[in-house]
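>>> predicted structure and sequence below. I'll ask about it afterward.
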Amino acid sequence: QVQLVESGGGLVQAGGSLRLSCAASGRTLRPMGWFRQAPGKEREFVATITRDDESTYYADSVKGRFTISRDNARNTVYLQMNSLKPEDTAVYYCAARNDDGIRTSPRSYNYWGQGSQVTVSS
């Protein structure tokens, strides 16, 4: 069973920055993704990074502001969030898959973190 442990959420003013981290248990590297869910809304895709060539893909709403990266030695993925907006407020979840490639549907992911609250004040 793969465990994903997130850290780094919090409260920030609009225009500020936060970095989320997600550490995966074990030594197997997997493609990873970040999703978010605001109250009353469905879980939505934010960003993903593949395993083999570390290709990345972003939702249009965060493109140019968020950056996903990974440290394979630590089996950890990061989400650097800059120029944050109040509409970015949500619980952010990291997720991992068994198969490589770009996937944006939550149903494509096999493992999930516990979630980390990000609140952006105006």
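Great, that's in hand. Numbering: from 1, shown residues only.
>>> distance of the closest residue in space to residue 117 that isn't next to it in sequence from residue 52?
Closest residue in space to residue 117, ignoring its immediate chain neighbours: residue 9 at 4.9 Å, by Cβ to Cβ, 6 or more residues apart in numbering. No exception for glycine: its C-beta is placed from N, CA and C like everyone else's. Taking Cβ to Cβ, to the nearest Å as the measure, residue 9 falls 29 Å from residue 52.
>>> just residue 8 next, same as before
Taken as Cβ to Cβ, the span from residue 8 to residue 52 is 26 Å.
>>> pull the contacting residues for residue 52.
By Cβ atoms under 8 Å, 6 or more residues apart in numbering, the residues touching residue 52 are residue 100.
>>> check what pLDDT it gets.
Per-residue confidence (pLDDT) for residue 52: 87.
>>> ok, now residue 26?
89.
>>> most centrally placed residue in the chain?
residue 34 (2.4 Å; Cα atoms, centre = their mean).
>>> what pairs with it across the strands?
As for beta bridges, residue 34 partners with residue 47, residue 94 under DSSP bridges.
>>> show me what contacts it?
20, 22, 46, 47, 48, 68, 77, 79, 92, 93, 94, 95.
>>> and these as JSON lines, adding neighbour count and distance to residue 107?
Below are those laid out as JSON lines (neighbours: other Cβ atoms under 10 Å; distance: Cβ to Cβ, whole Å):
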{"residue": "20", "neighbour count": "24", "distance to residue 107": "22"}
{"residue": "22", "neighbour count": "25", "distance to residue 107": "19"}
{"residue": "46", "neighbour count": "24", "distance to residue 107": "16"}
{"residue": "47", "neighbour count": "24", "distance to residue 107": "17"}
{"residue": "48", "neighbour count": "25", "distance to residue 107": "14"}
{"residue": "68", "neighbour count": "22", "distance to residue 107": "20"}
{"residue": "77", "neighbour count": "29", "distance to residue 107": "20"}
{"residue": "79", "neighbour count": "27", "distance to residue 107": "21"}
{"residue": "92", "neighbour count": "24", "distance to residue 107": "18"}
{"residue": "93", "neighbour count": "23", "distance to residue 107": "14"}
{"residue": "94", "neighbour count": "29", "distance to residue 107": "16"}
{"residue": "95", "neighbour count": "24", "distance to residue 107": "11"}
